Structures are given as structure tokens and as C-alpha cells.
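Undergrad: Sharing a sequence plus its predicted fold:
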Amino acid sequence: MAELHIIGQIIGATGFPENNLFCKWGIHTGGAWRLLSGLKEGQTQVDLPQTGDMAYWRWPKLHLQVWHQDSFGRCQLYGYGYVHVPSSPGQHRLECVTWRPLGSWQDQLSQMFVGGGPQLRSPDLIYSGGDRYRLHTVAMGKVVLELCIILRHFDRYGVES
Amino acid sequence: KSVLGTQRDVDNEAPLIYILSKNRVVFHFKVIHYNNGAIMTNNPAVFLLMVNGQIVSADFPEYDDLYCKYCFVYGHDWAPTSGLEEGISQITSKGRVSQSLVWNFPLDITFKSTNPFGWPQIVVSVYGPDTFGNDVVRGYGAVHIPFTPGKHTKTIPMFVPESTSRLQKFTRFWLMGRRPEFTDPKVVAQGEGREGKFYLDWVRSQGFVTLQFNIVTKDMKKLGYDTCSTQISAGQTTAQQP
């Protein structure tokens, strides 16, 4: 079996309106991959998992949610974003752009005074494009990641990456 | 010593175990490597091109609230085996902090082919509202899917077809509220055959779209095709694309 090892960290974020952020991450792989060891999701400062097995058509995606914690202890969503896990071996520095759902003008007005804001009901839309056309979003900042990718046995299957 | 009995493997119709006597058993194995349903072959007939990536963002200084559509254009020897050939993104607005229009819109498709001729291109069309609230085209662009495995970032300019006739422009805009638009965006990807009125149109650039690709190929080397000039020796990792 071919294996994909992902080792790295979420370094930080830029371009967000406030500091005091934390980032929730997860890896979406599709059915043909099997997790060998490590974590598939977590919050910042945790090492990324290793995944195994071989899939031709669903390369893993790393999806992120950036949240802001204000002085009252409330958590507000600042952005969703995803990147494909790089498919070539080596050290990669990735920048993941993020976006936030935009509500109606009433939502935006109340968000200015009270905080909060619309969120996605399920995280599927972060990394899939099927139902995106119904959404209205606004650009937020970028999250910087450094990942080291190690591939094993892919050449046995004639896979060039 | 005679064969006392054989046990047949139901799937493969090949005898698996020969029981020669009480004490001697000969196992005959037929080993097939399965890999999630795809059998490893030594003489492949097709190669695969796996495209993972995203339409990251757009840069349009004059417009806001844009969405994009993408589709793939490819030759007769190519066929998609999985993934989505077309898609429509969400409508995105410029943020207060950054002036870029972020879609972060996934691209996931695998092609099979026997022949590099007709290598796939992605055609991106960007739309936004005009002052009357109608959706009008803000740009078309096309680029070939990168040819070498690895990570690639492409920023492509967008073009808008302009009618040469001023009267045509006037009537279409004021009476019908529509700007000139290619009826089939795929014509943007074709180098030849842009005949008729498209051949005479002036085309202006109005913005840029940034795309990111991770490319993986399978069996291109086995079929004799070389897309990388670097030699890969044991202990050396693949060169990263700039």
C-alpha cells in the first residue's frame, strides 16, 4: 500500500481584523484513504496526522476555521478555508485564504454592534464546491502553514508526483 | 502421492490448495495486488492525470460581488474518470482589510488519456451584477492544466469580448441590458476556429484570477512519456515546482 505522511504546523495568520485567534483544523480524505496514526482534526498547536493507503481521485484536503475570542470570552467566526495537502514530497509553505459567510444587511448591522454572524451548518461547504452557488461570502485573512510531505511506495503503482 | 482434493478459489477459478496426503499439503497461491479496486498492471493502456486544486481568488479593481464558473476543455483522446467537470462558485465580496475577492473554490478531477494531444485546459468565467442588477460577464480566461507533477500557482488575465460596431454596442446595452457574451465559454480555449464575429472582436483585459494546482500523474513513464527533465535517483526527492 502507498502511504502519505503529513508532518507540520499551522504557523499563524495574517490579515484578520483582530488578534486573539485560534484555528480549528480537520482533514477530509474521502472513502479510499485509511488513517494509520495521528489525529484527523484538532485545534492549533497540535501535530498533523499521518494518513495511509492510496486513492487516485480524492486527494486529502486540510480545512480550517479561524475563530476570534473577544474580551468577554465570546467566540466569533472569522473565516473558513481549505487547502489541498500537497501531492509532491518535500517541505511546503502554504497560504490558505479564508472567507466568511455574509448575511443580509440586517445581519451585518447587528454583527457590527452585537457580534456573532452567520455560520455554516455543516463544514462540507468549506472543502466541496457543489452547493456553493447559494452562498454570499466576504474575504478574510490568510493562514500560513508549513507542511512536510513524505510519500512511500507511490512509484510501485506508477504514480508520479 | 495423489491429489486427495483441491479447494477452488471461487473468485479466480484457480486451485489454491492441493492436499497430497495427510501430512503434506501444497499451497498454490495466485497473488493479485488489489489497490482499492484498481489492479496493478505492468502494461497500462492509459495514463491518468489527477488535478487537485482551487480557484483561489480574483483581482478586479473595478468590480465587486463576483462569482465564477469553471469548465474543462480537452481533446478527443481524453475523458474525465472522476470528479466534477463544471462548477459555480459562491458570490464573494471584497473584504475591508484585503481588496481581493476570495473564492477558495475546490477543483478535483481526474482525466485518463492515451495521448498528450488535447491536454486539458480550464476555462474560468467571472460574472457580477451591473447597475441594473443583471448578471453580466466580467471576464473569461483559460489556461492549460500544468504538465508536470507538483504544486503550481497560475495567475491568468481575464478578457471581455467587445463588439466592434458602436451601434451594436448601443442597442444591446440600452435596449436589451446585455453586454456581449460568448454563448459557449469553451471557445475561449480554442486557438483556431474563432471565426465569424468573434474573430473581429477586440478583447480587453479587466482583471486576474489566481489558481492553484497539485498535479499527480500515473503511468505516464510506463507509457514512455517524459514530462520532467530532472533525473530522479534513489535518495533524492522530486524537484519542487517553482
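TA: Arrived safely. Note that the coordinates shown come from a computational prediction; the quantities given were computed from them, not determined experimentally.
Undergrad: Is any residue of the longest strand seen in chain B near chain A?
TA: When chain B is scanned for its longest strand (criterion: DSSP state E), the result is strand B:202-218. Yes: residues of strand B:202-218 contacting chain A under C-beta under 8 Å from any C-beta of the partner chain: B:212, B:214, B:215, B:216, B:217, B:218. Just so you know, the C-beta spots here come from the backbone N, C-alpha and C atoms, and that holds for glycine as well.
Undergrad: for that strand, packing partners?
TA: strand A:75-84, strand A:159-160, strand B:47-59, strand B:121-129, strand B:135-144, strand B:150-162 (3 or more C-beta pairs under 8 Å, 6 or more residues apart in numbering or on different chains; DSSP states H and E).
Undergrad: coming back round to it: pull out the buried residues from the residues of strand B:202-218 next to chain A.
TA: Neighbour counting by 16 or more other C-beta atoms under 10 Å in any protein chain shown classes B:212, B:214, B:215, B:216, B:217, B:218 among those as buried.
Undergrad: which one among these gets closest to residue B:148?
TA: Comparing those against residue B:148 with C-beta to C-beta picks out residue B:215 as the nearest, at 6.8 Å.
Undergrad: doesn't residue B:148 make contact with that closest one?
TA: Yes: counting by C-beta atoms under 8 Å, residue B:215 does reach residue B:148; the two are 6.8 Å apart.
Undergrad: Am I right that residue B:94 is in contact with residue A:102?
TA: No: applying C-beta under 8 Å as the test, residue B:94 and residue A:102 come out as separate, 11.1 Å apart.
Undergrad: got a pLDDT number for residue 4?
TA: Just so you know, I chose chain A. Residue A:4 is assigned 86 on the pLDDT scale.
Undergrad: should've been chain B
TA: 41.
Undergrad: ok, back up a step: mind putting the residues of strand B:202-218 next to chain A in TSV, pLDDT included?
TA: Formatted as TSV, these follow (pLDDT from 0 to 100):
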residue	pLDDT
B:212	96
B:214	95
B:215	95
B:216	94
B:217	93
B:218	92
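Undergrad: can you name the two of those residues that are farthest apart?
TA: B:212 and B:218 (20.8 Å).
Undergrad: Domain-wise, how is chain A divided?
TA: A:1-58, A:61-149 (the TED database).
Undergrad: for the ones you listed, which one sits closest to residue B:99?
TA: domain A:61-149 (8.4 Å).
Undergrad: Whether the closest one contacts chain B - can you check?
TA: Yes: Domain A:61-149 reaches chain B (C-beta under 8 Å from any C-beta) through A:61, A:80-84, A:86-90, A:92, A:96-99, A:102, A:127-130, A:132-141.
Undergrad: Quick test: name the residue nearest the centre of chain A.
TA: With distances taken as C-alpha atoms, centre = their mean, residue A:63 lies nearest the centre of chain A, 1.9 Å away.
Undergrad: is it true that it touches residue A:127?
TA: Yes: using C-beta under 8 Å, residue A:63 is in contact with residue A:127, at 4.8 Å.
Undergrad: Next SSE downstream of the lowest-mean-pLDDT helix or strand in chain A?
TA: Least confident helix or strand of chain A, by mean pLDDT, DSSP states H and E, is strand A:50-52 with a mean of 36. Scanning forward in sequence from strand A:50-52 by DSSP states H and E, the next helix or strand is strand A:61-69.
Undergrad: And that next one, what does it pack against?
TA: Under the contact rule (3+ C-beta pairs under 8 Å, 6+ apart), strand A:61-69 is packed against strand A:3-14, strand A:21-28, strand A:75-84, strand A:90-101, helix A:124-127, strand A:136-152.
Undergrad: where along chain B do the helices fall?
TA: Here chain B has its helices, by DSSP state H, at B:166-170, B:176, B:197-200.
Undergrad: what does the model give residue B:16 for pLDDT?
TA: Per the predicted model, pLDDT is 45 at residue B:16.
Undergrad: if we can go back for a sec, what's the overlap in contacts for residue B:94 and residue A:102?
TA: residue A:138 (C-beta atoms under 8 Å, 6 or more residues apart in numbering or on different chains).
Undergrad: still on that earlier bit, most tightly surrounded among the helices and strands packed on strand A:61-69?
TA: Among those, ranked by average contacts under mean count of other C-beta atoms under 10 Å in any protein chain shown, first place goes to strand A:75-84 (a mean of 22).
Undergrad: Overlap in contacts, residue B:215 and residue B:148.
TA: Counting by C-beta under 8 Å, 6+ apart, nothing touches both residue B:215 and residue B:148.
Undergrad: How about residue A:143: which residues does it bridge to?
TA: Here residue A:143 sits in beta bridges with residue A:13, residue A:96, going by DSSP bridges.
Undergrad: That one touches residue A:65, doesn't it?
TA: No: look at residue A:143 against residue A:65 with C-beta under 8 Å: they stay out of range, at 9.9 Å.
Undergrad: which neighbours do the two share?
TA: residue A:23.
Undergrad: Tabulate the buried ones among the residues of strand B:202-218 next to chain A (TSV), appending distance to residue B:135.
TA: Formatted as TSV, these follow (distance: C-beta to C-beta, whole Å):
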residue	distance to residue B:135
B:212	26
B:214	31
B:215	32
B:216	35
B:217	37
B:218	39
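Undergrad: what's the span of stretch A:14-34, first residue to last?
TA: Chord length of stretch A:14-34, first to last residue, is 33 Å (C-alpha to C-alpha, to the nearest Å).
Undergrad: Good, we can wrap up now.
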